[in-house]
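Participant: give me the fold of what follows.
(one chain, ligands or ions: 3)
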Amino acid sequence: MTDFDLTLHNGRIVTADADFIGDIGIANGVITAISAKLPAGKRAIDAAGRLVMPGGIDSHCHVEQLSSMGVLCADDWYSASVSAAHGGNTTIVPFAAQHRGQSLRQVAEEYAASAAAKSVIDFSYHLIISDPTPQTLNHDLPELIRAGITSFKVFMTYDKLKLDDKQLLDVFAIAAREGALPMVHAENNDVISWIARHLLAAGHTAPKYHAVSHDPIAENEATQRAISLASVLEVPVLIVHVSTQGGAQAIHAAQTLGAPVYGETCPHYLLLTAEDIDIPGVEGAKFCCSPPPRDPVSQQALWQSLDSGTLALLSSDHAPYRYDESGKLPEGEATTFKQIANGLPGLEVRMPLLFSEGVRSGRLTLQQFVALTSTNHARMYGLYPKKGTISVGADADIAIWDPEHTLTLTAAGLHDAVGYTPYEGREVTGWPTTVISRGEVIVDNRALHAERGRGRFIARGLPAPLQKTREISPRAALLRKIFPNVIEP
Ligand code: URP
Ligand code: ZN
Ligand code: ZN
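Facilitator: Ligands and ions are numbered 1, 2, ... in the order given. As a prediction, the model looks like this:
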């Protein structure tokens, strides 16, 4: 007789800070024992020769979201969560996006309802703030933060999403006061628009000019500015999807001075370059995202920044738009680089790509892999230690990996609704063959065993960057104090 619903035996258990062979006992969806030898539970899995790691947390993905150009993502909460689960993820954190004129509260409520009805894995969501009205700043944002939505994204580019510097300071001040982590898309909108206008006027419309218009300097300048603005109030800030050496260097420089500045990058910045966009016709649209893939020097700098810890997160930035008129190509073959929906699919392949190209190629250790794909996300966004680790008391969210399993990536073999993958034909070695969510085996040997809507909303706590007791300067303390409790219209 045993109390375990499920036991995992003889696997190599790897967390962000441990690596040993052992058994795991699970009851009522929670890890209740970890030991060298445990009695078998009602169901027992022999994980000998396999890696037993925390389920992935993808904290930057776009699901069932309208882009600023009015294009709906190809994936809804069901297809996205199924695809994520097949790729070894047990939690996703996409975005409830406020477009101008919309009520943030209503956007969040509708988004949460759709997620609860469809997601097969646990979830939370960030907010996107594009309309910081008094209603948003005085009521909706603080109330949502208090309800466990403890992070939000703001944009410095895209005409219909971008905030100006004053607005950025307003939302940073709310983040400091309420305890939320601001995530910044850092690109200088004027630089991009100016270059794009002149490219188009000169008849340069092909997808490859997307990368030309999103000059690295636009990212470097905005990253530096975002860090400077956050440091006015000494509020923690996370720069998302870092693609340049200059961006990574700006984050590193701030960290060296002790500033609470964090960075994230994505597989496409490690594995693709602007040359991938440079293919005949409009097919390069399949590789257009913002910021765009760069060059080998940037790739090298980003790998190094993951290794050193300058960049703490590896997210997919899954932004799924089909390669047709409904998505990438609103004007078909005549679509200019300015009209292409921005974003790449990548939920399912994020971890296998990092495993194959990072761990197997010797760039990263297994423990770094776990930290970059799961544990750091849990800490960064207030999910730890319920999520993101294997320890007694944690949710039994576990992915069992076969490190020798080799697979050729094809769109047809993936489970999203996008219809293409930028990694078509690429071979990866290492795959999550069994995925367990709250003690339930939801994926086994590439077969799904999960009901639509079984995923649960996770109200998040204070992000780790805000938990640290950090003395702020008298100057920042004064600025935080004079920031009004109620913002006038
Ligand atoms: O190109 C991208 N990354 N599209 C998704 C939206 C964003 O900026 O993250
Ligand atoms: Zn972005
Ligand atoms: Zn994104």
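
Participant: isn't A85 up against A450?
Facilitator: Yes. With contacts defined as C-beta atoms under 8 Å, A85 counts as touching A450 at a distance of 6.5 Å. The C-beta positions use only the backbone N, C-alpha and C, and glycine is treated the same way.

Participant: got any residues that touch both of these two?
Facilitator: Common neighbours of A85 and A450, using C-beta atoms under 8 Å, 6 or more residues apart in numbering, are V120, I121, S437, I442, V443.

Participant: in CSV: those residues, plus neighbour count, pLDDT and distance to R50.
Facilitator: Formatted as CSV, those follow (neighbours: other C-beta atoms under 10 Å; pLDDT from 0 to 100; distance: C-beta to C-beta, whole Å):
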residue, neighbour count, pLDDT, distance to R50
V120, 26, 99, 22
I121, 28, 99, 20
S437, 27, 99, 18
I442, 25, 99, 17
V443, 27, 98, 14
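
Participant: mind checking the SS state of the nearest residue to Y111 once chain neighbours are set aside?
Facilitator: Distances taken as C-beta to C-beta, 6 or more residues apart in numbering put A96 closest to Y111, at 3.7 Å, once the chain neighbours are dropped. At A96, secondary structure determined by DSSP: H, G, I helix; E, B strand; the rest coil is strand.

Participant: which stretches of the stretch 251-400 of the chain form helices?
Facilitator: 267-271, 296-308, 350-354, 366-370, 376-380 (DSSP state H, counting those that start in this stretch).

Participant: neighbour count for A85 and A450, which is higher?
Facilitator: Taking other C-beta atoms under 10 Å, A85 and A450 do not tie; A85 has more neighbours (29 against 19).

Participant: now the more buried one: how far from H405?
Facilitator: Separation of A85 from H405 (C-beta to C-beta, to the nearest Å) stands at 17 Å.

Participant: where does the chain have low pLDDT?
Facilitator: 1-2 (pLDDT under 70).

Participant: OK, contacts around whichever residue of the stretch 151-300 of the chain sits closest to ligand 1?
Facilitator: Ligand 1 sits closest to C289 of the stretch 151-300 of the chain, with a gap of 3.5 Å, by C-beta to the nearest ligand atom. Counting by C-beta under 8 Å, 6+ apart, C289 touches H268, D317, A319, N342, G343, L344.

Participant: mind checking which of those are buried?
Facilitator: Buried members of those, counted by 16 or more other C-beta atoms under 10 Å: H268, D317, A319, N342, G343, L344.

Participant: okay but the fourth one is in contact with S290, surely?
Facilitator: Yes. The pair formed by N342 and S290 meets the contact definition of C-beta under 8 Å, at 4.6 Å.

Participant: nearest spatial neighbour of P489, chain-adjacent residues omitted?
Facilitator: P134 (4.9 Å).

Participant: wait, that neighbour sits on I174?
Facilitator: No. Under the contact definition of C-beta under 8 Å, P134 does not touch I174, with a separation of 11.7 Å.
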